[in-house]
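Trainee: the sequence isn't on hand, but the structure is:
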């Protein structure tokens, strides 16, 4: 079974690095263009592999590895949260495109379940982190609480803004990237930079850096959109920029 576990670990690392590299390409290329779409789907596939491999490794250590110590178990819960964060965020990013023309509240049970799962996992694992005195598991899962509330708020409200799907799609995919960047910061950067991986600021730095970028992106494009004429022509200009 350890051979299978090692294979999933290699898959997780490779898929994570691929996703980390691919994420930035759709941002700087023409929105809705061939490169944006093809690379975007490649990013989603890589994130799906990250989520599946993280879920397997975390579940195996917790439920089937009798030799796992407390440190491995706590790390496994972190992997499971990474799996949920990656999977639900990428799912959300895709589904808002699927229902971009909706006007009323969204009641699809699968979409609501995914957002609720992210919200519940953020709360549960944060509480677990407090109980074992782990700063990583205490503070990082709060991101799941934050994102879960945002997603549910979007699904359960009528749409009032034009191009709402555009901003939510980017937000969902951006949330995916946070998991890969955080994993690199926690486990890759310390080895490369010869620094301690126990520093909480190292764990939370990707969130502190990427979330303001996301907010800035949404603010910029909302102003750019509402500044011009509110018609299909102005929408197309924004999508292509």
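Mentor: Received it, and whenever you're ready, just let me know what you need. Predicted model, so just to flag it, every value in this text is computed and none were measured.

Trainee: shouldn't residue 53 be in contact with residue 15?
Mentor: Yes - counting by C-beta atoms under 8 Å, residue 53 does reach residue 15; the two are 6.7 Å apart. All C-beta atoms are positioned from the backbone trio N, CA, C, and that covers glycine.

Trainee: the more surrounded of those two?
Mentor: Per other C-beta atoms under 10 Å, whichever of residue 53 and residue 15 has more neighbours is residue 53, with 25 against 22.

Trainee: any idea which element the more buried one lies in?
Mentor: Using DSSP states H and E, residue 53 sits in helix 34-63.

Trainee: show me which positions of that helix end up buried.
Mentor: 36, 39-40, 43-44, 46-58, 60-62 (16 or more other C-beta atoms under 10 Å).

Trainee: and the next element down the chain from that helix?
Mentor: Scanning forward in sequence from helix 34-63 by DSSP H and E, the next helix or strand is helix 70-98.

Trainee: helices or strands up against the helix or strand following that following helix?
Mentor: Counting by DSSP H and E, the element after helix 70-98 in chain order, helix or strand, is helix 109-132. Using 3 or more C-beta pairs under 8 Å, 6 or more residues apart in numbering; DSSP states H and E, the elements in contact with helix 109-132 are helix 70-98, helix 135-139, helix 142-155.

Trainee: hey, which of these is tucked in deepest?
Mentor: The highest average neighbour count among those, using mean count of other C-beta atoms under 10 Å, belongs to helix 70-98 at a mean of 21.

Trainee: wait, doesn't residue 155 sit right on residue 106?
Mentor: Yes - Residue 155 lies in contact with residue 106 (C-beta under 8 Å); the separation is 4.2 Å.

Trainee: common neighbours of these two, please.
Mentor: Among the neighbours of residue 155, those also in contact with residue 106 (C-beta atoms under 8 Å, 6 or more residues apart in numbering) are residue 112.

Trainee: OK, contacts around the nearest residue to residue 156 once chain neighbours are set aside?
Mentor: In this structure, residue 156 finds its nearest non-sequential neighbour in residue 105, 5.5 Å apart by C-beta to C-beta, 6 or more residues apart in numbering. Neighbouring residues of residue 105 by C-beta under 8 Å, 6+ apart: 155-158.

Trainee: and if we set it to 10 Å?
Mentor: With contacts defined as C-beta atoms under 10 Å, 6 or more residues apart in numbering, residue 105 is in contact with 155-159.

Trainee: pLDDT and distance to residue 100 for those residues - can I get that in a markdown table?
Mentor: Shown next, in a markdown table, are the contacts of residue 105 (pLDDT from 0 to 100; distance: C-beta to C-beta, whole Å):
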| residue | pLDDT | distance to residue 100 |
| --- | --- | --- |
| 155 | 97 | 13 |
| 156 | 95 | 17 |
| 157 | 93 | 15 |
| 158 | 93 | 14 |
| 159 | 89 | 9 |
